[in-house]
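[1] what follows is a protein structure lacking sequence information:
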């Protein structure tokens, strides 16, 4: 299906490597134990989709101390890939791509949920729904100005980062379709050949 990555499972060693050091960054966010709620998590998913290489939301950590607390099995089951994808389609234009791991159990028997969000494939993702945390027409991003957080783009540095990556992606796509930018040397050669016509 377009815009969807399907990955069966995450190894415990991958999980431990991801959360080692337990510190939030531009590509990593920790959330307390909770059920899936699109209104609470849409802003973060949108923001990670506009960050280079995307990012991870790890659910089951105290979001102040970053201590492992885990989620219940019932909470983990609410993170259903199909339901989440359908609900996020109402928030994202054109779309967001993510994979959900809702069956991770660490060495201490604590359960966690990870949402792996992928960077936009071609066009930056714009929010298309107003909610308590989101505004239609805004581009969300993981800001690096203070502590990392998901917020609307509000400065030229962040916007330039997003637009530069989108331009490179679009140019790559056009090249695969046979389009190429004309160099100055090529233009001068053609002008000479045409003799000023």
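    Thanks, I have it. Fair warning: this is a prediction, and the values are worked out from it, not measured in the lab. Numbers count the residues shown, from 1 in each chain.
[2] any stretches of the chain with poor pLDDT?
    Along the chain, the model assigns pLDDT under 70 to residues 1-9, 22, 181-191, 193-197.
[3] which parts of it are helices?
    Assigned by DSSP state H, the chain shows helices spanning 12-19, 38-49, 73-77, 81-88, 156-176, 184-194.
[4] so residue 149 makes contact with residue 143?
    Yes - in this structure, residue 149 is within contact of residue 143 by C-beta atoms under 8 Å, at 5.7 Å. All C-beta spots, glycine's among them, are computed from the backbone N, C-alpha and C.
[5] and residue 98, how many neighbours?
    Per other C-beta atoms under 10 Å, the neighbour tally for residue 98 reads 23.
[6] which residue lies nearest the spatial centre of the protein?
    Nearest to the mean C-alpha position of the chain, by C-alpha atoms, centre = their mean, lies residue 49 at 2.3 Å.
[7] do I have it right that that one meets residue 120?
    Yes - Residue 49 is within contact range of residue 120, at 5.4 Å (criterion: C-beta under 8 Å).
[8] now for the two: what residues contact both?
    Residues within reach of residue 49 and of residue 120 at once, by C-beta atoms under 8 Å, 6 or more residues apart in numbering, are residue 96.
[9] any idea how far stretch 145-157 is from the chain center?
    Remark: stretch 145-157 is offset 15 Å from the chain centroid, using C-alpha atoms, centre = their mean, to the nearest Å.
[10] start and end of it, how far apart?
    Using C-alpha to C-alpha, to the nearest Å, the end-to-end distance of stretch 145-157 comes to 10 Å.
[11] what does stretch 60-68 give?
    6 Å.
[12] residues in contact with it?
    Looking at what lies outside stretch 60-68 - C-beta under 8 Å, 6+ apart - the contacts are 19, 22-24, 30-33, 69-71, 106, 108, 110-113.
[13] ok, 7 Å please
    Contact partners of stretch 60-68, identified using C-beta atoms under 7 Å, 6 or more residues apart in numbering, comprise 22-23, 30-33, 69-71, 106, 110-113.
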